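**Q** here is my input; please provide its structure:
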Amino acid sequence: MDARFDEFLHVPARLSIVALLAPAGWAEFGFIRDSIGTSDSALSKQITALANAGYVTVRKRRDGAVRRTHVQLTLQGREAFQRHAAALEQIVAAARTPQPPAGV
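**A** Modelled structure (predicted):
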């Protein structure tokens, strides 16, 4: 397996989150939830895991009576995502390369 492949990021929910955050600055929790189609509790669990790994920063603020949570990729998270995406692209490219029939 390619050393750039990140088993931690390969979890579909985590990969979806970091892919969504990659081109963005801060993203609001509700936007992330709706974009990847998950529940609040499932998203919260994955964001906590990503934060514990140092891949995202979480900012919580009060907007009147409403609590807002925003998430942003860290430099470490952005670099990990770029490495993982490159590994996935290499896997896909190898699968698309025509192989000679066996025994030829």
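**Q** same question for the longest helix seen in the chain: list its buried residues.
**A** In terms of residue count, the longest helix belonging to the chain (DSSP state H) is helix 75-96. For helix 75-96, a neighbour-count test (16 or more other CB atoms under 10 Å) marks 77-78, 80-81, 83-85, 87-88 as buried. Yep, even glycine has a C-beta here, placed from its N, CA and C like the rest.
**Q** ok, and the closest non-adjacent residue to the residue most central in space within the chain?
**A** Against the mean C-alpha coordinate of the chain, by CA atoms, centre = their mean, the closest residue is Val18 at 2.3 Å. Of all residues not flanking Val18 in the chain, Phe81 sits nearest, at 4.6 Å (CB to CB, 6 or more residues apart in numbering).
**Q** equivalent analysis for Thr38, please.
**A** Excluding the flanking residues, the one nearest Thr38 by CB to CB, 6+ apart is Ala13, at 6.4 Å.
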